[in-house]
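Enquirer: could you look at this predicted model? Sequence included:
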Amino acid sequence: MFKLLLVLKYLRRKLAPLFAALAVMLCTAMVIIVMSVMGGFLENFRASAHALTGDIVVEGPLQGFTGYEELVATIEALPEVAAAAPMLRAVGLVNFRDTAKPVQLQGVDFQKLEQIVGYKKTLLWNNDQLRQHLRDPQSEAGKAFVAKMTRAFPIDPGPEAGAKIPALALPEAVMGVEVYPFQRRNDDGDYELSRSRAGEKLPVTVIPLTEAGTVGVLEPVRREILITNEVKSGLYDIDASAVVLPFSTLQSMLNMQPRTGFTDFDPNTGRGGEEIQVPGRANQLVIKAAPGADLLAARDAVQAVIAKQWEDRPLQFPPLARTWEEVHQNILGAVENEKGLVTFLFGIIGLVAVVMVATTFYMIVLEKTRDIGVLRAIGASRGGIMGLFVGYGLAIGVVGSLLGLAIAVGIVTHLNEIQAILNTWFGWQMWDPKTYFFDRIPDTVNYTEALRVVAGAIISSVVGAMIPAWIAGRLKPVDALRYE
């Protein structure tokens, strides 16, 4: 009981322990704030990557592979899989008047893609904004554009039968908001509707590949598409390069569509070979796992289906199934490493708390040497004296770390409001939404990690008190009473 009473007395009447508690508080708050913000960035990246990729991606060669319809049907029959759809990816070129830009073309079945990844939530402009953007929404062309751009699935392979307006007969597409090189963001980080390409024609050029992966005698294919909306996914690499077309449109441009062909021409007879049916090709599949299914188990099940279907293709490499985390492991790994590095560095700075507690307690031991002698003379044990100072360190660690947790939670959850106040009063922004792709500073706290930091701060405080406590416990009563 005497230890508890003395600890409470020292905490109330001594200024030095308050400085030690302040150091613990500031170090705890600093580490939690850094971990929360960096962790928020990581979670934003993860959410954006997962939302665009689906759960599992099957990647084949760029020139594609045949039999994708059968493969999709077999994969969808797996209990670990909820849905699957073919995709095409190709490198292309778009032209904005006299400006050319390389892009990543994606051919998808939009209704199936919505079922698998929910692409609609990445569309930047809503229906009212699209109507506002059109120069003459009440004209015949304007009404037709509005009808196309605001329907349930505003993407269609086209052309529409009997379309009177040429632009309405074009295949429709969406593109990343950063693809247009002259797009701008305002001070709040919002994109300007006046610079949107929605409702405009966009020339796209691709180079088809043969089934062997060569260009051969195929000429570049140029086609105009109609941009019906723009995508803001949260991943700059995608928003700066993606142009998403209907699957059948891109398949036709790449000469990968199912068609009628002929066997090799015979120069001896001067006649062509027999008429054959050339199957269509895709180079990717996107898959949604069944609810509750383990992603790694689902990936392995999909890969087993692929391996079985490729048994009769010994000269071809089978497509590879990967989870969404494996697809984006480079960027996710980089952000995770940055979070770990920054947290480690600030953790090193947090050792100030240990040094501060050790220094404070050492000074208290020197100051209270006579008191220690009195306690030892009236029967206090060495362990009791050591327990007094260890308990003192524990009290400082608990008080300082809990205050630090409270301060960190208050700051992190109101970071954006704090930035707005600083911008209003001093014209300073610590996070410029025009520069960074995420509009807001992450403002959520991972309480599991925060409690680990609190526990570490308490342990550090106890460790910092151990050496002074040991010194105090080793003092002899006579020497302590004679201490000047």
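Expert: Perfect, thanks for sending it.
Enquirer: direction included, what does the lengthiest strand in the chain pair against?
Expert: Criterion DSSP state E: the longest strand present in the chain is strand 81-96. Its sheet considered, strand 81-96 pairs with strand 99-108 (antiparallel), strand 201-206 (antiparallel), strand 284-289 (antiparallel) by DSSP bridges.
Enquirer: dump the strand or helix carrying Val342 to PDB, keeping only the CA atoms.
Expert: Using DSSP states H and E, Val342 sits within helix 329-350. Written as PDB, here are the backbone C-alpha positions of helix 329-350 (Å, rounded to 0.1, in the frame of the first residue of the first chain):
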ATOM      1  CA  GLN A 329       2.000  -6.600 -55.200                       C
ATOM      2  CA  ASN A 330       4.600  -4.100 -56.500                       C
ATOM      3  CA  ILE A 331       2.700  -0.900 -55.600                       C
ATOM      4  CA  LEU A 332       1.100  -2.500 -52.400                       C
ATOM      5  CA  GLY A 333       4.500  -3.800 -51.300                       C
ATOM      6  CA  ALA A 334       6.100  -0.400 -51.900                       C
ATOM      7  CA  VAL A 335       3.500   1.400 -49.800                       C
ATOM      8  CA  GLU A 336       3.700  -1.300 -47.000                       C
ATOM      9  CA  ASN A 337       7.500  -0.800 -47.000                       C
ATOM     10  CA  GLU A 338       7.100   2.900 -46.700                       C
ATOM     11  CA  LYS A 339       4.700   2.600 -43.900                       C
ATOM     12  CA  GLY A 340       7.000   0.200 -42.100                       C
ATOM     13  CA  LEU A 341      10.100   2.400 -42.600                       C
ATOM     14  CA  VAL A 342       8.400   5.600 -41.500                       C
ATOM     15  CA  THR A 343       6.900   3.800 -38.400                       C
ATOM     16  CA  PHE A 344      10.400   2.400 -37.600                       C
ATOM     17  CA  LEU A 345      12.000   5.800 -37.800                       C
ATOM     18  CA  PHE A 346       9.400   7.500 -35.600                       C
ATOM     19  CA  GLY A 347       9.700   4.500 -33.300                       C
ATOM     20  CA  ILE A 348      13.400   5.300 -32.900                       C
ATOM     21  CA  ILE A 349      12.500   8.800 -32.100                       C
ATOM     22  CA  GLY A 350      10.000   7.400 -29.600                       C
END
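Enquirer: that helix packs against which elements?
Expert: When contacts are defined as 3 or more CB pairs under 8 Å, 6 or more residues apart in numbering; DSSP states H and E, helix 329-350 packs onto helix 16-53, helix 447-474. The way it works is simple: take the backbone N, C-alpha and C, and place the C-beta from them, glycine included.
Enquirer: contacts for that helix next, please.
Expert: Outside helix 329-350, the residues within contact range by CB atoms under 8 Å, 6 or more residues apart in numbering are 27-28, 30-31, 34-35, 38-39, 41-42, 45-46, 49, 235, 237, 325, 456-457, 460.
Enquirer: next, report how far stretch 189-200 is displaced from the centre of its chain.
Expert: 24 Å (CA atoms, centre = their mean, to the nearest Å).
Enquirer: report the buried residues of it.
Expert: Gly189, Tyr191, Ser196, Arg197, Ala198, Gly199 (16 or more other CB atoms under 10 Å).
Enquirer: around Ile75, how many other residues sit close by?
Expert: Residues within reach of Ile75, counting by other CB atoms under 10 Å, total 23.
Enquirer: pLDDT wise, what is it at?
Expert: Per-residue confidence (pLDDT) for Ile75: 93.
Enquirer: what do you get for the one 3 residues further on?
Expert: On pLDDT, Leu78 comes in at 93.
Enquirer: and for Ile165?
Expert: According to the model, Ile165 scores 58 on pLDDT.
Enquirer: please apply the same query to Ala307.
Expert: Looking at Ala307, its pLDDT reads 91.
Enquirer: in three-state terms, label it for me.
Expert: When classified by DSSP: H, G, I helix; E, B strand; the rest coil, Ala307 comes out as helix.
Enquirer: same check, this time on the one 10 residues further on
Expert: Under the three-state scheme (three-state DSSP), Phe317 adopts coil.
Enquirer: where's it relative to Tyr68, distance?
Expert: Distance of Phe317 to Tyr68, computed by CB to CB, to the nearest Å: 15 Å.
Enquirer: likewise for Thr74?
Expert: Counting by CB to CB, the separation of Thr74 from Tyr68 is 11 Å.
Enquirer: which stretches of the stretch 251-400 of the chain form helices?
Expert: Along the stretch 251-400 of the chain, the segments classed as helices by DSSP state H, counting those that start in this stretch run 295-309, 324-327, 329-350, 352-367, 369-377, 382-413.
Enquirer: make JSON lines out of the ones you listed and add distance to Met175.
Expert: Converted to JSON lines, the helices of the stretch 251-400 of the chain look like this (distance: least, CB to CB, whole Å):
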{"stretch": "helix 295-309", "distance to Met175": "30"}
{"stretch": "helix 324-327", "distance to Met175": "21"}
{"stretch": "helix 329-350", "distance to Met175": "21"}
{"stretch": "helix 352-367", "distance to Met175": "50"}
{"stretch": "helix 369-377", "distance to Met175": "76"}
{"stretch": "helix 382-413", "distance to Met175": "35"}
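Enquirer: return the member of these having the minimum mean pLDDT.
Expert: Among the helices of the stretch 251-400 of the chain, helix 369-377 scores lowest, at a mean of 58.
Enquirer: what about Val174, which helix or strand?
Expert: Element membership for Val174 (DSSP H and E) is strand 172-176.
Enquirer: what comes up buried for that strand?
Expert: Glu172, Ala173, Val174, Met175, Gly176.
Enquirer: look up how far Leu124 lies from Leu422.
Expert: 28 Å.
Enquirer: between the two, who's got more neighbours?
Expert: With neighbours defined as other CB under 10 Å, Leu422 and Leu124 compare such that Leu124 has more, 19 against 13.
Enquirer: on that earlier part again, which of Phe317 and Tyr68 has more neighbours?
Expert: Between Phe317 and Tyr68, Tyr68 has the larger neighbour count (other CB under 10 Å), namely 25 against 10.
Enquirer: show the pLDDT at the residue lying closest to that one once chain neighbours are set aside.
Expert: With CB to CB, 6 or more residues apart in numbering as the criterion, Tyr68 has its nearest non-adjacent residue at 4.1 Å, and that residue is Ala282. pLDDT recorded at Ala282 is 93.
Enquirer: quick one: Ala282 and Gly60 touch, right?
Expert: Yes. In this structure, Ala282 is within contact of Gly60 by CB atoms under 8 Å, at 7.5 Å.
Enquirer: I am finished for the moment; much appreciated.
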